[in-house]
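**Q** Return atomic coordinates for the entry below.
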Amino acid sequence: MFSDPRLTNFIANLLTALAVGAMLLAALYWALHRPYFTIRHVELLPMEEASLQYVSPTTVEATIAGRLSGNFFSMDLNQVRKVVESAPWVRKARIKRVWPDRLVVHIEEQQPLAYWNEGEMINTWGEAFVANEAVLADGLVLPQLNGPASSERLVVQRYAELARWVAPLGLNIREVSLSPRYAWEVVLSDGVRLNLGRDPAADIADPHGRSGAVQFAERMQRFVQIWPSLAERLGERRIASADLRYKDGFAIVLDPQTITSVKQ
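**A** Below is the predicted model of the structure:
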């Protein structure tokens, strides 16, 4: 059929090479899918913290059970990362293979800052997440933050500003609420409710509220400066709420119970 012996030899050599290559690929496939390379161990380590405070191996194992496929060579580490990051209290994960059958998972835990709306928490990065509150340390008291969707970072920023403002008064923040119309209401640790009105940042396309921070700070500065002398003048009478929306001052409402007690 082929008159040229060189062509015949070339084709024969080519077929032989293809056959050998196919055999090698089959052998490699067979070897790579041996049980020896099955992932048998998953080790959890903190990224930076000395130890994991909220994430437990049991929780992570329950999250990844039945959701991973492949072995040491074929497992998709990006997919593993996504699965691990879906576990409670995991903010970020970094995955590394360790020969021949182990995965090392470095965990960055959520750092809870406050409760967020209904059934969620918010971390120190201003990100909302869902987690089991039962693992929180006994005695840990977190404030309640509330706000519309996508307002997490603005609420956290304002919360931090408010906490700094009231700290010299020996107070802290119990609750911060941002309405859908971007009006602020704050409850202090002594129960006093502050109405700060509409956030100026709501009228400006700035998701972090930087442009409205000056007016926001002016209201709080005025309140903090007047508060000590006002509390001294009131004596045993307790303030129930203060309306800070006025330009040159603020209005207060006294607690009816303390008024009655003083009169008696």
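**Q** Going along the chain, name the strands of the stretch 101-250 of the chain.
**A** Secondary structure of the stretch 101-250 of the chain (DSSP state E, counting those that start in this stretch): strands at 102-109, 112-116, 120-123, 128-129, 144-146, 173-178, 183-188, 193-198, 239-243.
**Q** Those: which one's closest to Phe73?
**A** Nearest to Phe73 among those is strand 102-109 (12.5 Å), distances taken as CB to CB. To be clear about C-beta, it is placed using only N, CA and C from the backbone, and glycine gets the same treatment.
**Q** What pairs with the closest one, parallel or antiparallel?
**A** If you go by DSSP bridges, strand 102-109 pairs up with strand 41-46 (parallel), strand 90-98 (antiparallel).
**Q** any low-confidence regions in the stretch 51-200 of the chain?
**A** In the predicted model, the stretch 51-200 of the chain carries pLDDT under 70 at residues 200.
**Q** just to revisit the earlier point, can you redo the strands of the stretch 101-250 of the chain as TSV with distance to Ser229 and mean neighbour count?
**A** Below are these laid out as TSV (distance: least, CB to CB, whole Å; neighbours: other CB atoms under 10 Å):
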stretch	distance to Ser229	mean neighbour count
strand 102-109	44	18
strand 112-116	31	20
strand 120-123	35	20
strand 128-129	40	16
strand 144-146	30	19
strand 173-178	22	20
strand 183-188	17	19
strand 193-198	17	19
strand 239-243	13	18
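**Q** want to throw the ones you listed into JSON lines with distance to Arg94?
**A** Listed next are the strands of the stretch 101-250 of the chain as JSON lines, based on distance: least, CB to CB, whole Å:
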{"stretch": "strand 102-109", "distance to Arg94": "4"}
{"stretch": "strand 112-116", "distance to Arg94": "21"}
{"stretch": "strand 120-123", "distance to Arg94": "18"}
{"stretch": "strand 128-129", "distance to Arg94": "18"}
{"stretch": "strand 144-146", "distance to Arg94": "29"}
{"stretch": "strand 173-178", "distance to Arg94": "33"}
{"stretch": "strand 183-188", "distance to Arg94": "38"}
{"stretch": "strand 193-198", "distance to Arg94": "41"}
{"stretch": "strand 239-243", "distance to Arg94": "48"}
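**Q** what about the ones you listed, which gets the closest to Thr59?
**A** Evaluated over these, closeness to Thr59 peaks at strand 102-109, with 10.7 Å, by CB to CB.
**Q** Distance from the closest one to the middle of the chain?
**A** Relative to its chain's centre, strand 102-109 lies at 18 Å (CA atoms, centre = their mean, to the nearest Å).
**Q** Tabulate the CA atom coordinates of it in CSV.
**A** The C-alpha coordinates for strand 102-109 follow below in CSV (Å, rounded to 0.1, in the frame of the first residue of the first chain):
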residue,chain,number,x,y,z
ARG,A,102,-4.0,16.0,53.9
LEU,A,103,-5.5,19.5,53.6
VAL,A,104,-4.4,22.3,55.9
VAL,A,105,-7.1,25.0,56.3
HIS,A,106,-6.1,28.4,57.6
ILE,A,107,-9.2,30.1,59.1
GLU,A,108,-9.9,33.8,59.6
GLU,A,109,-12.8,33.9,62.1
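**Q** Distance to Arg158 and mean neighbour count added to the strands paired with strand 102-109, as TSV?
**A** Putting the strands paired with strand 102-109 into TSV (distance: least, CB to CB, whole Å; neighbours: other CB under 10 Å) gives the following:
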stretch	distance to Arg158	mean neighbour count
strand 41-46	31	14
strand 90-98	22	17
